[in-house]
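>>> Pasting a predicted model and its sequence here:
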Amino acid sequence: MSRAFGIDISKHQASSDGSKRLNFEALKKNSERICFIACRAGVSWGYKDPQFNYHWDQSGQLKVGRIAYHVVYFGESAVAQMDSLFKMLENRSNFKHDRVALDLEVAGINTKSRITSTTLNCLEICKARTGRYPIVYSRANWVNTYLSVADLPALDWWLATYRRPAPAPFYTKEHPGPPHLPKGVPTYLIHQTGDKCKSIGGQSHYMDYDRWNGDAKAVLAYFSNPTGGINPPANPVLFKIKILVNALRKRGGPGTNHKVIGHLNLGEVVSVYKESQGWYKIDQNSEVWCSASSNYVQRVDGTPPPTGSRQAKCIVSALYKREGPGKNHKIVGNLIRNDVVTVYDEKYGWFRISKDKNIWVCGAPQYMRLL
């Protein structure tokens, strides 16, 4: 059985200024068929690979399995890091075919228990978002040192084992396999066979090569037979909402009993694809929900104002919403600058801005401007 061939790519396959990119036509014409491509998405929660969108979209047209891999920092929030990853993939992916991978190799000063805990949290978020656990990339020695494999679920492992590198600028031959297995890991899915291999279509001198633990048919089966152009069809957007609080939790289903899998930020605008029992589904391709409470979100389109009503615009950075017309009433949220609301009633210089709830804001001209 021949092991199917694949590559993993990042910004390093482009020129240093990004002006010259990886040539995907060269990948198509490679003498050995490339069956899968892993594209680096980002690192932690604050860095996106500048070539990711290009690599991801081009890989989707090649009828190959594609993997988005993300480097995890174990001292940072698992929720924030996975939120960053899935924002990059939102509306660009179809998890019937696409896969994600966690790159576990930057231990830093973190303890084994912290590394294991962060890994577990990331795994569970990925499963909630995609329906399956991600592939895990690492090396046997690293895993043995920093991870408690016994505390992890059964996973698909992508493991690096190389030959001794040839001196530059010569290329190093692929390791023949299999890769070294960490203790407690019975088998592997992908073997990263070398990082000093000849670049295929890249601007760099070297490229990472990978081998599947199976043939091309096994690869196609794992990715549910991708046929190219596998971005999901556009689903109808019901309307859009703006977030009115500093951090609104994303959950894996419509209710607080579902796990937190990310956050929405103050002022962020997202599309709503479905409503259910006071919750909004905000991802067309996976189960990602947020509360529909008017204390937290505001519809910004798709809801025409009632006939004869007025509208007003918030002209300050933030303005409290209260349960009644006065500062003595409880704060239930806030507007932010440039929010436009419908005014349903006016009393004592205060505006009621909810049709069926007692939600008011101060209507003073230094805060609100009637339109």
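Everything's here; your move.
>>> average pLDDT across stretch 333-350?
For stretch 333-350, the mean pLDDT works out to 86.
>>> starting at the chain centroid, how far to that stretch?
34 Å (CA atoms, centre = their mean, to the nearest Å).
>>> Just the buried positions in it, please.
333, 334, 335, 336, 339, 341, 342, 343, 344, 350 (16 or more other CB atoms under 10 Å). C-betas here are computed from N, CA, C, even on glycine.
>>> Where does pLDDT dip in the stretch 101-250 of the chain?
Applying pLDDT under 70 to the stretch 101-250 of the chain picks out residues 228-235.
>>> hey, where'd the strands end up in it?
Ranges of strands within the stretch 101-250 of the chain are 135-138, 157-160, 190-198, 206-212, 239-243, 247-251, based on DSSP state E, counting those that start in this stretch.
>>> Please identify the deepest-packed of these.
Of the strands of the stretch 101-250 of the chain, the one with the most neighbours on average (mean count of other CB atoms under 10 Å) is strand 157-160, at a mean of 24.
>>> Residue 249 versus residue 262, what's the distance?
Separation of residue 262 from residue 249 (CB to CB, to the nearest Å) stands at 8 Å.
>>> wait, residue 322
23 Å.
>>> Then residue 40?
28 Å.
>>> Same question for residue 352.
28 Å.
>>> tell me the helices in the stretch 1-150 of the chain, going along the chain?
Here the stretch 1-150 of the chain has its helices, by DSSP state H, counting those that start in this stretch, at 24-28, 52-59, 78-89, 112-130, 140-146.
>>> Out of those helices, which is closest to residue 153?
helix 112-130 (6.8 Å; CB to CB).
>>> Just give me how far the closest one sits from the chain centre.
Here the centre of helix 112-130 is set off from its chain's centre by 14 Å, with CA atoms, centre = their mean.
>>> What of stretch 23-39?
Worked out by CA atoms, centre = their mean, stretch 23-39 lies 25 Å from the chain centre.
>>> one step back: to residue 295, which of the strands of the stretch 101-250 of the chain lies closest?
strand 247-251 (10.0 Å).
>>> continuing past the closest one, what's the next helix or strand?
strand 260-265 (DSSP states H and E).
>>> Stretch 106-124: which residues count as buried?
Residues of stretch 106-124 classed as buried by neighbour count (16+ other CB under 10 Å): 106-107, 110, 115-124.
>>> What lies in contact with that stretch?
71-76, 78-79, 81-82, 102, 104, 133-134, 136, 142, 145-148, 151-153, 155, 259 (CB atoms under 8 Å, 6 or more residues apart in numbering).
>>> And the residues you listed, which of them are buried?
71-74, 76, 78-79, 81-82, 102, 104, 133-134, 136, 142, 146-147, 152, 155.
>>> and the gap between residue 156 and residue 262?
Residue 156 is 23 Å from residue 262, by CB to CB.
>>> swap that for residue 134, please
Taken as CB to CB, the span from residue 134 to residue 262 is 15 Å.
>>> same question, residue 107
Distance, residue 107 to residue 262, by CB to CB: 25 Å.
>>> Check residue 26 too.
Taking CB to CB, one finds residue 26 at 37 Å from residue 262.
>>> The two: who's more crowded?
residue 262 (26 against 12; other CB atoms under 10 Å).
>>> Quick one: residues contacting that one.
79, 82, 83, 86, 125, 249, 250, 288.
>>> What are the buried residues along stretch 48-67?
Those would be 48-49, 51-52, 54-56, 58-60, 62-67, for stretch 48-67 by 16+ other CB under 10 Å.
>>> if we can go back for a sec, could you export the buried residues of stretch 333-350 as TSV, including distance to residue 241 and secondary structure?
As requested, the buried residues of stretch 333-350 are exported to TSV (distance: CB to CB, whole Å; DSSP: H, G, I helix; E, B strand; the rest coil):
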residue	distance to residue 241	secondary structure
333	13	strand
334	15	strand
335	14	strand
336	13	strand
339	12	coil
341	13	strand
342	15	strand
343	20	strand
344	19	coil
350	24	strand
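>>> Most widely separated two among the residues you listed?
336 and 344 (20.1 Å).
>>> who's in contact with the residue nearest to residue 277 when sequence neighbours are not counted?
Closest residue in space to residue 277, ignoring its immediate chain neighbours: residue 254 at 5.7 Å, by CB to CB, 6 or more residues apart in numbering. Residues in contact with residue 254 (CB under 8 Å, 6+ apart) are 276, 277, 278, 279, 281, 289.
>>> now, which of those residues lie within strands?
Counting by DSSP state E, the contacts of residue 254 place 276, 279, 281, 289 in strands.
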